[in-house]
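In: give me the fold of what follows.
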Amino acid sequence: MSGHSKWATIKHKKGKADKARGKTFAKLSRQLEVAVREGGGPDPSSNASLRTVVLKAKSAQMTNDAIDRAIKRGAGVQTGSAYESITYEGYAPGGVALLVDALTDNRNRTASDVRLAFSKSGGAMAEPGAVGWQFSRRGVVLVGKNKTEEDVMMVSLDHGAEDVVDDGEHWRVLCDPHTLFDLKASLEQAGMTVVSAESTMVSSMSVAVTDIADAKAILKIMDDLEENDDVQDVYSNFDISDEILNEVAS
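Out: Alright, predicted model coming up:
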């Protein structure tokens, strides 16, 4: 298990979910607005980008009223800010690659903040394309282990999944992002417990982190980036073992 899904598990274990909920909702509101403006309008049935963000918002337990308000701002019904989408690339200690998606109304401010998050923990920004080539957009569904791997695989492969991986506490099902919603619905109809379903960036390679100092620095960079209001998502290719994580926590 590496990168984005690993980071989600780490945040859950660190007990940051409730503390960060307000910040998460603010970021999701911004993503909803941009998805309406850039993805083809306020109707999720005809706007795939918006449909993806709506699913993400509902998974995060964002209320329907809050989702509707954000969609209306994006459609110009309510006043909202104009945001620009920017992706930054960089390296954390140990050669770990990071991809940072941001929505900003001030490029200079955001670039400066992202650069600082990298540099103060021993990382560095990289030129466009330096690490982005190894990431691709995939659908990722986390399924609870109330069913066996064989059960999950039988349903998943019949509905567009490409692979089923043991992620420790869950089964991680990979698919083309366009089949994400159908796959999620099929798994739920088959009695599976779907913990999350998202369109995310997955690296074609992972970097094993065995040095405790590097692990601390990587997690610090991830933390600092996600604390930034402009940063929407951070993707990485690190693979940190539970043993190393326990040592970092202690």
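In: next structured bit after the longest helix along the chain?
Out: Secondary structure assigned by DSSP state H gives helix 17-39 as the longest helix of the chain. Next along the chain after helix 17-39, taking DSSP states H and E as the criterion, comes helix 48-59.
In: quick one, that next one and helix 17-39 angle?
Out: Relative orientation of helix 48-59 and helix 17-39, computed by axes from the mean of the first three to the mean of the last three CA atoms, to 10 degrees: 160 degrees.
In: how about whichever helix or strand comes after helix 48-59: buried residues?
Out: Sequence-wise, the next helix or strand downstream of helix 48-59 (DSSP H and E) is helix 64-74. Buried residues in helix 64-74, counted by 16 or more other CB atoms under 10 Å: 67, 69, 70, 71, 72, 73, 74. Using the backbone N, CA and C atoms, a C-beta is placed for each residue, glycine as well.
In: low-confidence regions, the protein specifically.
Out: Under the criterion pLDDT under 70, the flagged ranges of the chain are 1-21, 77-81, 250.
In: quick check: domain ranges of it?
Out: Domain ranges of the chain: 3-74, 84-133+205-244, 134-203, per automatic domain parsing.
In: where does residue 162 land in three-state SS?
Out: strand (DSSP: H, G, I helix; E, B strand; the rest coil).
In: three-state assignment of the closest residue to it other than its chain neighbours?
Out: Excluding the flanking residues, the one nearest residue 162 by CB to CB, 6 or more residues apart in numbering is residue 174, at 5.0 Å. Three-state call for residue 174 (three-state DSSP): strand.
In: from what I see, residue 174 and residue 138 are in contact.
Out: Yes - applying CB atoms under 8 Å, one finds residue 174 in contact with residue 138, separated by 5.5 Å.
In: contacting residues for the residue nearest to residue 162?
Out: By CB atoms under 8 Å, 6 or more residues apart in numbering, the residues touching residue 174 are 138, 139, 140, 161, 162, 163, 164, 165, 202.
In: most neighbours among these, please name it.
Out: Taking other CB atoms under 10 Å as the neighbour criterion, residue 139 ranks highest of those with 25 neighbours.
In: how close does it sit to residue 28?
Out: 18 Å (CB to CB, to the nearest Å).
In: so what sits opposite the residue nearest to residue 162 in the bridge?
Out: residue 140, residue 163 (DSSP bridges).
In: please report the distance of it from residue 141.
Out: 8 Å.
In: ok, back up a step: what residues sit buried inside the longest helix of the chain?
Out: For helix 17-39, by 16+ other CB under 10 Å, it's 24-25, 27-37, 39.
In: closest to residue 98 among the residues you listed?
Out: residue 27 (17.3 Å; CB to CB).
In: now do the contacts for the closest one.
Out: 229, 231, 232.
In: residue 170 now?
Out: Per CB under 8 Å, 6+ apart, neighbours of residue 170: 142, 143, 144, 145, 195.
In: separation between it and residue 164?
Out: Residue 170 is 11 Å from residue 164, by CB to CB.
In: check residue 138 too.
Out: The spacing between residue 138 and residue 164, counted by CB to CB, is 13 Å.
In: residue 244 too?
Out: Taking CB to CB, one finds residue 244 at 26 Å from residue 164.
In: next: residue 172.
Out: For residue 172 relative to residue 164 (CB to CB), the value is 7 Å.
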